[in-house]
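Peer 1: Below are the sequence and a predicted model for it; my questions follow.
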Amino acid sequence: MHTFLRSLPCNILLADQNMCHNYNSVLLRRRYDYIDNHAYWGHPSFPGKRWQMPMQIMPQESIIPHSMGTLGMIATTQLLDKPFTVSEWCFVNPNPTSSEGSLLTAAFAALQGWDALNRFAYSHVGDSAYAKKQGVRTCFDDVHDPLVRLGEQLGALLFRSGALRESPDCFAIQLDRELNRERSQIFHSAARTRQLALLSRIGCAVNEEDGTLPLPPQTRAVIRSSGRRISRKPVTTGRYCTVSRRRRSSAAV
């Protein structure tokens with residue numbers, strides 16, 4: 001599809017695979033101009049028919065004790081050599097902590113050096129009475145929540161003004177260039193990997209064909225997935241260390 005659109009010609013920026021959190025999706029995104037992903041805290045689930053009551057929104061608590069939850073997960077999906085955006089994010093209602101979403105998202109995005117945030121959504125419908133009647137369809141909307149709307153304005157100010165700065169350090173997750181069935185599973189859920197994103201910028205770096213690994217100059221460590229136990233060793237440059245990660249476990253630097 002990318003090749004076809006460019007042949008038209010189509011000169012707009014292209015992105016895709018924007019709701020996936022695994023190794024293979026990161027590799028597929030390399031062909032695009034920028035990386036885009038989605039993050040929902042408390043996305044609704046439906047025991048019966050989808051998008052009809054009954055509805056369940058879990059967890060009903062703050063994202064902070066969960067190492068920034070889905071925000072921490074998508075932080076590890078960015079490619080460090082491309083721009084990164086979040087075209088959908090939401091702390092879904094009802095949730096007693098949903099008002100924290102805008103400020104925490106703005107602060108975390110600034111720390112990670114993300115390029116754009118787009119909340120989902122202001123309102124799906126224009127008529128207030130219709131919105132109340134639909135109920136479940138407006139659990140993403142903030143049009144009737146003054147506390148969340150105030151938080152959005154404060155968050156936008158912090159993110160856009162530069163008051164919150166990008167981390168001066170970076171941790172890189174090293175990926176090889178080949179798709180792998182084992183990597184189709186979500187690998188970003190390890191709590192310790194997400195905890196790194198609370199300290200520093202984090203993202204993926206993919207080996208070039210000649211075996212070199214493109215890294216930002218501020219890289220402090222490289223996390224590598226292998227069958228060996230977690231280990232540390234300085235590399236020849238002395239600029240960063242490598243950390244090997246046992247499969248289905250977490251890594252800490």
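Peer 2: That came through, no problem. Since the model is a prediction, treat every value here as computed from it, not as a measurement.

Peer 1: Mind jotting down where the helices sit in the protein?
Peer 2: Shown for the chain, the helices assigned by DSSP state H span residues 2-7, 23-28, 69-75, 101-112, 128-134, 146-161, 191-199.

Peer 1: Which stretch among those is buried most, on average?
Peer 2: The highest mean neighbour count among the helices of the chain belongs to helix 69-75 (a mean of 24), with neighbours defined as mean count of other CB atoms under 10 Å. Heads up, the C-betas are built off the backbone N, CA and C, glycines and all.

Peer 1: Show me what it is packed up against.
Peer 2: If you count contacts as 3 or more CB pairs under 8 Å, 6 or more residues apart in numbering; DSSP states H and E, helix 69-75 packs onto strand 35-41, helix 101-112, helix 191-199.

Peer 1: will you turn those into CSV that also has distance to residue 23 and mean pLDDT?
Peer 2: CSV is the format used below for the helices and strands packed on helix 69-75 (distance: least, CB to CB, whole Å; pLDDT from 0 to 100):
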stretch, distance to residue 23, mean pLDDT
strand 35-41, 14, 93
helix 101-112, 19, 95
helix 191-199, 13, 82
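
Peer 1: Can you give me the buried ones in stretch 56-64?
Peer 2: Neighbour-count burial for stretch 56-64 flags 57, 62-63 (criterion: 16 or more other CB atoms under 10 Å).

Peer 1: check contacts around the residue positioned nearest the centre of the chain.
Peer 2: Taking CA atoms, centre = their mean as the criterion, residue 74 is the residue nearest the geometric centre of the chain, at 2.0 Å. Residues in contact with residue 74 (CB atoms under 8 Å, 6 or more residues apart in numbering) are 21, 37-39, 86, 188.

Peer 1: which one of the residues you listed has the most neighbours?
Peer 2: Scoring these on neighbours with other CB atoms under 10 Å, the highest-scoring entry is residue 39 at 28 neighbours.

Peer 1: wait, doesn't it sit right on residue 72?
Peer 2: No: with contact defined as CB atoms under 8 Å, residue 39 and residue 72 do not form a contacting pair (9.1 Å).

Peer 1: Just send the helices of the chain back as a markdown table, with distance to residue 215 too.
Peer 2: Rendered in a markdown table, the data for these read as follows (distance: least, CB to CB, whole Å):
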| stretch | distance to residue 215 |
| --- | --- |
| helix 2-7 | 25 |
| helix 23-28 | 16 |
| helix 69-75 | 17 |
| helix 101-112 | 16 |
| helix 128-134 | 48 |
| helix 146-161 | 26 |
| helix 191-199 | 15 |
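
Peer 1: Out of those, which gets nearest to residue 210?
Peer 2: Evaluated with CB to CB, the helices of the chain place helix 23-28 nearest to residue 210, the distance being 17.3 Å.

Peer 1: pLDDT-wise, which helix or strand of the protein ranks last?
Peer 2: The helix or strand with the lowest mean pLDDT-type score in the chain, counting by mean pLDDT, DSSP states H and E, is strand 232-234 (a mean of 37).

Peer 1: Next one, pLDDT for residue 128 please.
Peer 2: The model reports residue 128 with a pLDDT of 56.

Peer 1: same deal with residue 156?
Peer 2: Per the predicted model, pLDDT is 94 at residue 156.

Peer 1: Surely it is in contact with residue 106?
Peer 2: Yes: here residue 156 lies in contact with residue 106, judged by CB under 8 Å, at a distance of 7.1 Å.

Peer 1: So, low pLDDT: which residues of the stretch 1-150 of the chain?
Peer 2: Scanning the stretch 1-150 of the chain for pLDDT under 70 picks out 126-137.

Peer 1: Next: the stretch 151-253 of the chain.
Peer 2: Counting by pLDDT under 70, the stretch 151-253 of the chain contains low-confidence residues at 179-191, 225-253.

Peer 1: on that earlier part again, now the helices and strands packed on helix 69-75 in CSV, please, with extra columns for distance to residue 163.
Peer 2: Putting those into CSV (distance: least, CB to CB, whole Å) gives the following:
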stretch, distance to residue 163
strand 35-41, 22
helix 101-112, 8
helix 191-199, 19
